[in-house]
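>>> Quick one: sequence and predicted model below, then my questions.
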Number of protein chains: 2
Amino acid sequence: MRVAIIGYGGVGRALVQLVSSKKDYLHKEGLQIQVNYIIGRDGGVYNKEGIDLEDFMEFGAKQRDIIKYPKGGDQGVSFNKMLQNRDVDFVIELTPTNKETGEPGMNHIKRSLEQGINVVTANKGPILLAYKELKNIAIKNHVQLGIGCTTGGALPSINGGSIDLAGAEILSIEGVLNGTTNFIINEMENKGITYLEALENAKELGIAETNSRLDVEGFDTATKLLILTNILMDEEKSLQDIIIQGITKITSEEVKNCLDEGNKYKLLGKTVKENGKIRMTVKLEKLDPTHPLYGVDGKNKGVRYTSDVLGDLTIIGGASGVIPAAASVFRDLININRGYRFCR
Amino acid sequence: MRVAIIGYGGVGRALVQLVSSKKDYLHKEGLQIQVNYIIGRDGGVYNKEGIDLEDFMEFGAKQRDIIKYPKGGDQGVSFNKMLQNRDVDFVIELTPTNKETGEPGMNHIKRSLEQGINVVTANKGPILLAYKELKNIAIKNHVQLGIGCTTGGALPSINGGSIDLAGAEILSIEGVLNGTTNFIINEMENKGITYLEALENAKELGIAETNSRLDVEGFDTATKLLILTNILMDEEKSLQDIIIQGITKITSEEVKNCLDEGNKYKLLGKTVKENGKIRMTVKLEKLDPTHPLYGVDGKNKGVRYTSDVLGDLTIIGGASGVIPAAASVFRDLININRGYRFCR
């Protein structure tokens, strides 16, 4: 399998590390991964026989500017040049997410699929904006598009709803899909502190980004819920169809009272199908201990499906981090290699 | 997809019902399921153009003896005859489990695979005794063997460990894998009754079988744990390698004290890999509320994996019953049809 990695931030670096360290696993799997391209913001590294990943990582430990890599072959190679060369089977799209235009990921994914290259991406933007279109391009060109990382990283939320519930109709989706807000609520529960104090702690620990608006106002949860709903329930909803409330107004008293009642607050994304109608919300909900997502604490995430013939299914896991995120990209690669058709 | 159903008890009947009722789903999936054979203990029904399932079910509602079905074509058709006819792509093996010899399922599965027919089974016996051998026969003959129903029915425990953790190494498996014992413990918790009283309730409700020994002494849990361990951790363990304790000695005082401490008893199957060594146990364990399987109540089941790069993964679901069991067979059919290679 000849691979191009497009976008080389934390997840890209973790993926290179993972591919390199999983040699035995890949051998057992009967899968050889040859990374021909690693392309960052300013250009990339290319070797048509496969980049020596260990050597590249050694270089990368000292020098962040990858185009200075001396054994980089065609140094400063671009995405367009890669398409011209026609020497990869998979593009792994890891550029930063843009939820308004989807670019540059949208262009990368589209053009790769159109050229008959499989794509696995961690980039929410293009998936949020145009999954159906991209899927149809993949089907038309007999290739696959893996997007498992876009809805909770290592949490196998899409696999759960599509593979583990294959044959069943999904009636509802509930998810604790954002690690940052879950961490903040936990901090308030455990330390009795205010929302702003907990947010500060999350920022200091690197769990919340400096601009945490998308997390705390519920948009990240809404984005993931939307992708899950559109894919798993075959809908074409947009963010406007979701009633979205964040966690910014929660007080320490409310958190304490909720705990005293034996319950816990979670920022819950929820899609319910009733009489053929879809209702979608993202808001703080009190979960009692019998709710299967009650125990989803810390940086963990969880999703619960109800279905017609396979009953309820709850999946909990997917702690945040670049290694699990990279591993979830790796997972899609492997499952596509095992023959699974996400796009059909 | 031309199918033969071998073994026609509760799960078989539920499967026929399911295939018949899921016409729209299958159409969307691009999959046509044509049931050519339904073979029970005393012979079966055959139509090389596909049995009219609705008509057959209507007949079955009045008459249990399927070989009396008037439109049965070659009435009383046998498994051997089916093999001779060479007109199916999938055998669905649903005969009763025998954990000593695996028969008659073992023979059915082996000979079908050898003839290049895919197999999906709910039969634990052959899988427990000879999974690796059967898998190798499948690989050699370029067909698939789906066994998702053997380790908790609708609970996607094998999918979870293989597909959802693809690329990761599993370090431990913990499972609440037996609905009957879980129900009994819940009855003791909720009603303050003794073990024997709770067992009686389970029998009256049809949750425990008349001979419930395999459940309450832990052997059913051990069987499922063994299949999961051998498949997901690539081991070749046998039941003798598991320390097995059942729930028969638990007292209502112990249950009450455990609840008072804020914990819950579960019959937990557990495989842990430490320093390359595997340790396997089935015994009552006290779970505190932070344990992700703490909330697995009633007839539900749950499994929790820890892994190297994809973190922890907990899956809860799979309430017992013939419909979810049939749906889990149906799920394997669909995922194999979607290209997924369980055997490779």
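Yep, that arrived.
>>> where do the strands sit along chain A?
Secondary structure of chain A (DSSP state E): strands at A:2-6, A:34-40, A:43-46, A:90-93, A:118-121, A:145-146, A:170-176, A:242-244, A:264-274, A:277-287, A:301-307, A:312-317.
>>> of all those, which lies closest to A:E189?
Closest approach to A:E189 among these is made by strand A:264-274 (7.0 Å; Cβ to Cβ). Backbone N, C-alpha and C define where each C-beta goes, glycine included.
>>> Go ahead and confirm A:I147 touches A:Y131.
Yes - taking contacts as Cβ atoms under 8 Å, A:I147 lies within contact range of A:Y131: 7.3 Å.
>>> between these two, which one's more packed in?
A:I147 (27 against 19; other Cβ atoms under 10 Å in any protein chain shown).
>>> Look up the closest residue to that one, ignoring the ones flanking it.
Using Cβ to Cβ, 6 or more residues apart in numbering or on different chains and skipping residues adjacent in sequence, the residue nearest A:I147 is A:I127, 5.1 Å away.
>>> Let me know how buried that neighbour is, in neighbour terms.
27.
>>> Please name the residues that touch it.
A:T121, A:L134, A:I147, A:T150, A:I227 (Cβ atoms under 8 Å, 6 or more residues apart in numbering or on different chains).
>>> my guess is the fourth one meets A:P126, correct?
No - proximity of A:T150 to A:P126 does not meet the contact threshold set by Cβ under 8 Å, at 9.2 Å.
>>> Look at those two and report which has more neighbours.
Ranked by neighbour count (other Cβ under 10 Å), A:T150 and A:P126 place A:P126 first, with 30 against 25.
>>> surely that one meets A:K135?
No - using Cβ under 8 Å, A:P126 makes no contact with A:K135, being 11.2 Å away.
>>> Kindly report the residues of the stretch 51-200 of chain A close to chain B.
When proximity is defined as Cβ under 8 Å from any Cβ of the partner chain, the stretch 51-200 of chain A approaches chain B at A:A154, A:P156, A:N159, A:G160, A:I163, A:D164, A:L165, A:A166, A:G167, A:A168, A:E169.
>>> Now A:R86: phi and psi?
Dihedral pair for A:R86: phi 50, psi 50, per degrees, to the nearest 10.
>>> And for it, nearest residue in space, chain neighbours not counted?
That would be A:Q115: by Cβ to Cβ, 6+ apart, it lies 7.4 Å from A:R86.
>>> For the one you found, give its distance to B:G30.
25 Å (Cβ to Cβ, to the nearest Å).
>>> Neighbour count: those two, which is higher?
Each of A:Q115 and B:G30 has its neighbours counted (other Cβ under 10 Å); A:Q115 has more, 15 against 9.
>>> Verify the contact between the more buried one and A:L83 for me.
Yes - assessed by Cβ under 8 Å, A:Q115 is found in contact with A:L83 at 5.9 Å.
>>> give me every residue that touches the spatially closest residue to A:E29 that is not a sequence neighbour.
Nearest residue to A:E29, sequence neighbours excluded (Cβ to Cβ, 6+ apart): A:I334, at 6.5 Å. Counting by Cβ under 8 Å, 6+ apart, A:I334 makes contact with A:E29, A:L31, B:A166, B:G167.
>>> Neighbour count and distance to A:E54 added to the residues you listed, as JSON lines?
Below are the contacts of A:I334 laid out as JSON lines (neighbours: other Cβ atoms under 10 Å in any protein chain shown; distance: Cβ to Cβ, whole Å):
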{"residue": "A:E29", "neighbour count": "16", "distance to A:E54": "20"}
{"residue": "A:L31", "neighbour count": "15", "distance to A:E54": "18"}
{"residue": "B:A166", "neighbour count": "25", "distance to A:E54": "24"}
{"residue": "B:G167", "neighbour count": "25", "distance to A:E54": "19"}
